[in-house]
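Peer 1: I'd like to go over a predicted model; first the sequence, then the structure.
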2 protein chains.
Amino acid sequence: MREAKKQPGIAEVAAAAGVSVTTVSHVLSGRRPVSAATRALVETVIKELGYRPNPSARGLRTQRSESIALIVPDLTNPFYTLVAAGLQDVLMESGYLLSITDAAQPGRALPEVVRHVLARRVDGIVLASYGATDDDIASIAETGTKLVRLGSRFRADFGDVVRADDVGGMHDVVDHLLARGYRRIGLVNGEYDAQPSQMRLEGYTRALREAGRTADPDLIHFGTFSRAGGAAGARRLFDSAHPPDAIVGGNDLIAVGVMDAARERGLAIPRDVAITGYDDIEAASLVTPALTTVHNPAREIGRTCARMLLDRLAGKYDDVAREVVLAHRLVIRESS
Amino acid sequence: MREAKKQPGIAEVAAAAGVSVTTVSHVLSGRRPVSAATRALVETVIKELGYRPNPSARGLRTQRSESIALIVPDLTNPFYTLVAAGLQDVLMESGYLLSITDAAQPGRALPEVVRHVLARRVDGIVLASYGATDDDIASIAETGTKLVRLGSRFRADFGDVVRADDVGGMHDVVDHLLARGYRRIGLVNGEYDAQPSQMRLEGYTRALREAGRTADPDLIHFGTFSRAGGAAGARRLFDSAHPPDAIVGGNDLIAVGVMDAARERGLAIPRDVAITGYDDIEAASLVTPALTTVHNPAREIGRTCARMLLDRLAGKYDDVAREVVLAHRLVIRESS
DNA sequence: CACAGTGCGCAAATCGATTTGGCCGGTACT
DNA sequence: AGTACCGGCCAAATCGATTTGCGCACTGTG
C-alpha cells in the first residue's frame, strides 16, 4: 500500500499556469471565452499535474451529482443486467456514474431503495421495478429528480417511459402457436399487478379474440416472474380439467419453470405441449429444447433510457413527458 | 412532472429547532456529546422536515464520497451479478452507494474504466477484472483509493484479496472424474493470463499428478471465459490425435460451449464425453444434461469484499494487506 | 467562597469548485 | 475624436456541510 499523493486542486493549476482559478474553470467549462493561447497553456498544465476536478466541490456548487441510479426488481435476471450495460454504454462517455440497486432482498424493498438513492442526491433514476406505488413515484417527483420508467404504463405526470411493445410481442407468440395448430393455449404469467404482466396478458387475449377464440380463465395463471413461479403455475394448468397443449410463459424464467413441470409429468416438448418464453435471455438458447421466445432489445432499452435522462438533465423537452416504444422480434426455436 | 420542492439544509433544521448548526451536526455525527433533550428535539425536527445531509457538501469537507465501485470484466456473467448483489447487501445498510462497471466493451477497457471511477473519487474499488496490469493497480494506489481484488494472486503491496479456493475446487472435479473412470481428461480454460485460469490449471495438473498420471499438453486449451470460447476450444480437443473422454471447462459458460461442440460431433454426454464447469451459475442447472460444476459462493464473496472495504475505510488493520479464501463445493449433476 | 473541572453549545474557518460583476485595453462605428 | 462595445481576465461570493477553539453555566471540592 503506497502512500496517497495529494491530488492537485484548481488553485495549484492556476498558480502553475500563472492565471486565476476563474480562467481555469472557464477553460474547463467553456462557459466564457478564453484566448487560444491561455487555453492551450492551461490544458497542458492540467495534463501535467493530472488534475481532476473534485466532484463533491463541483456538485456542491452546481447542485448536481452527475450520477444516476438504476433500480431493478432483480439483478440476477439477465434482462436487467443487459439494460444496465446499455445504460453504461451511454453514461460513461458523459462522465456520469451509474449506480445499480436491486429491490429483491428482504429489508431492501422498493421504498427503502428509493430513499437510499434520493438521499444520495442522484440526478436521475431509471426505475424498472414494477411494484412501484404512487407514493414511491411521488417521493421521487417532489425532490425534482428526473425519472425514466421502464416497461410501465405511461402517465404524463410520472415522467418518461421506455418500454417494448409487449402487447404486440405476445400477440405474435400466440399467433405463431395458433398457426402451428395448437388449440388450448395457456398463460403462466408474472405478478398480477406488474405492468409487463398486464400488457402480455392483453396481447394474449387479443390474439385469441382476433382468431375467433376466447381465453379460458382456467388456463391463465398469475405468479411470479421466476423459474419457481413458472413451475408452480404450470403444475396447476396441467392438473386442470382440460389441460393445455401449449403454454406461453410471461418471461423466459417462467418458461424454464414450465419446462421443469412438463418434465416432471413426462410430457414431451413440443409434441405434448409447446412452451414459449419472453425476453430472449441467454438461457433461452441453452435449454433443451431451445426456447421459442420474443427478443427484447434490452441493451437498446438501456441506451434509450440513458439518452432520455441526459436530454432531460440538459433541459430539453421542457416538461412534456414522452413515451418510447421499442420494437420486438419473435424468435422461433425448438420448443413450439 | 410536479415542481421541485427545495430540500431543507442544515441551517433550516437548526433554526427550526432553535439551536446552532453545529449542534445539529453533532447529533448527526455523534462526535461530541449533546444533551438528551436537545438531541431528541433536533431529531424530531429532522424527521419532520425530511432533512437529508447533502452528500456533496459532506464529501467536500470530509474528503469522502461514501461510494465504492465494482469493476467486472463482464456484467452479463451471472457470477459477477451475484457478487454485485452481495456487495449491495452490505453496502446499502451502511449508506454507501455502489456503482458497477464492466470493462467488456470496445472503448471501455480497463484503464478507461479505472480513470472514470477515480475521477469520481470513489472511496474504494472492488476489482474483479483479471486483465488488470501493474499500471492499473498503481494508478489506483497512488490516489489512496482502497482496493480489494477478486480472485487474483495476493501481493502485499496491491491491497486485500478475496478469492475462492480455485485450486482445490478444480482438484475435486478432476478427482471426481478419475473416480468415475474417465482417463483422458482435457481442459478448456479461459484467458491464459487470467488468475482464475492459472489457479484452475494448477488444480487440474496437481490432481492428475497425485493420481500418478501426467497432463497431456494436447488436451489443454486456453481461450476466453465464454460460451464461444468453450466451443472453439472443445473442437480443437475433439480433433486431436487422441480425443479426450472428459473435458473440464474453466467455467460454466465454457462448459456450455463445450456441450455445443459435443452436440455438433454427435457425442453423447456423459457416455461419450463427460463435461464439467465451474462457478455453478443458474444456467448450469438449466442445460441438458445438467452440468456438474463447482459451486462458487459468489454472493458471499461479494459480502466479504464489502466488509473488508468498509473495515479498511474505517481505518482498521492499518496497512497490512489481507487475503481471504472462501470454501468451494463440488456439485455433481448429470454431465459426468 | 473561590477554583478547577466538565458538559454543552456557538461562531467562524474550511473543503474545492462555479459563477457573477467589474476592470482594462482595443476595435468599430458615427 | 468620442462613444459604445467586446473579448479576456480577475476577485470575491457562494454552495452546505464538518470541525475547532472558546465561552458559559453548573457541579463538586478544599
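Peer 2: Yep, it's here.
Peer 1: so what's the spatially closest residue to residue A:249 that is not a sequence neighbour up against?
Peer 2: For residue A:249, the nearest residue in space outside its immediate sequence neighbours is residue A:255; the separation is 3.4 Å by C-beta to C-beta, 6 or more residues apart in numbering or on different chains. For the C-beta atoms, the positions are set from N, CA and C on the backbone; glycine is no exception. Residue A:255 makes contact with A:230, A:247, A:249, A:275, A:276, A:277, A:278, A:284, A:291, A:293, A:335 under the criterion C-beta atoms under 8 Å, 6 or more residues apart in numbering or on different chains.
Peer 1: please see if stretch A:329-336 touches chain B.
Peer 2: No: Stretch A:329-336 lies apart from chain B when judged by C-beta under 8 Å from any C-beta of the partner chain; the minimum separation is 11.8 Å.
Peer 1: how near is residue A:146 to DNA strand D?
Peer 2: As for residue A:146, its distance to DNA strand D is 18 Å (criterion: C-beta to the nearest atom of the strand, to the nearest Å).
Peer 1: show me what contacts that residue?
Peer 2: Contacts for residue A:146 were tallied using C-beta under 8 Å, 6+ apart; they are A:123, A:124, A:125, A:159, A:309, A:312, A:313.
Peer 1: check residue A:161 too.
Peer 2: Going by C-beta under 8 Å, 6+ apart, residue A:161 touches A:148, A:149, A:150, A:151, A:152, A:153, A:154, A:321, A:322, A:323, A:324.
Peer 1: which ones among the residues you listed are found in strands?
Peer 2: Counted as lying in strands by DSSP state E, out of the contacts of residue A:161, are A:148, A:149, A:150, A:323, A:324.
Peer 1: between the contacts of residue A:146, which is closest to DNA strand D?
Peer 2: Each of these was scored against DNA strand D by C-beta to the nearest atom of the strand, and residue A:123 proved nearest at 15.1 Å.
Peer 1: neighbours of the closest one, how many?
Peer 2: 21 (other C-beta atoms under 10 Å in any protein chain shown).
Peer 1: how about the helices in the stretch 1-150 of chain A?
Peer 2: For the stretch 1-150 of chain A, applying DSSP state H, counting those that start in this stretch gives helices covering A:10-17, A:21-29, A:36-49, A:55-62, A:78-93, A:110-119, A:134-141.
Peer 1: show me the shaky parts of the stretch 201-336 of chain A.
Peer 2: Counting by pLDDT under 70, the stretch 201-336 of chain A shows no low-confidence range.
Peer 1: ranges for the strands of it?
Peer 2: Under the criterion DSSP state E, counting those that start in this stretch, the stretch 201-336 of chain A carries strands at the ranges A:220-222, A:246-249, A:274-276, A:293-295, A:323-326, A:329-331.
Peer 1: residues from the stretch 51-200 of chain A in reach of DNA strand D?
Peer 2: Taking C-beta under 7 Å from any atom of the strand as the contact definition, the stretch 51-200 of chain A meets DNA strand D at A:57, A:60, A:61, A:63.
Peer 1: from residue A:77, how far off is the residue lying closest to residue A:257 once chain neighbours are set aside?
Peer 2: Counting by C-beta to C-beta, 6+ apart, residue A:257 lies nearest to residue A:230, which is 2.5 Å off, once chain neighbours are set aside. The span separating residue A:230 from residue A:77 equals 13 Å under the rule C-beta to C-beta, to the nearest Å.
Peer 1: how about residue A:174, nearest residue that isn't a chain neighbour?
Peer 2: On the basis of C-beta to C-beta, 6+ apart, the spatially nearest residue to residue A:174 that is not a chain neighbour turns out to be residue A:207, at 3.7 Å.
Peer 1: quick check: residue A:278 touching residue A:203?
Peer 2: No: using C-beta atoms under 8 Å as the test, residue A:278 is too far from residue A:203 to be in contact (9.8 Å).
Peer 1: follow-up on the earlier one: which of the helices of the stretch 1-150 of chain A sits most buried?
Peer 2: Among the helices of the stretch 1-150 of chain A, ranked by average contacts under mean count of other C-beta atoms under 10 Å in any protein chain shown, first place goes to helix A:78-93 (a mean of 23).
Peer 1: wait, does that helix make contact with chain B?
Peer 2: Yes: residues of helix A:78-93 are located near chain B by C-beta under 8 Å from any C-beta, namely A:78, A:81, A:82, A:84, A:85, A:88, A:89, A:92, A:93.
Peer 1: so which pair among these is furthest apart in space?
Peer 2: With distances taken as C-beta to C-beta, the most widely separated pair in the residues of helix A:78-93 next to chain B is A:78 and A:93, at 24.0 Å.
Peer 1: what number of residues lie near residue A:271?
Peer 2: Other residues near residue A:271 number 8, with proximity taken as other C-beta under 10 Å.
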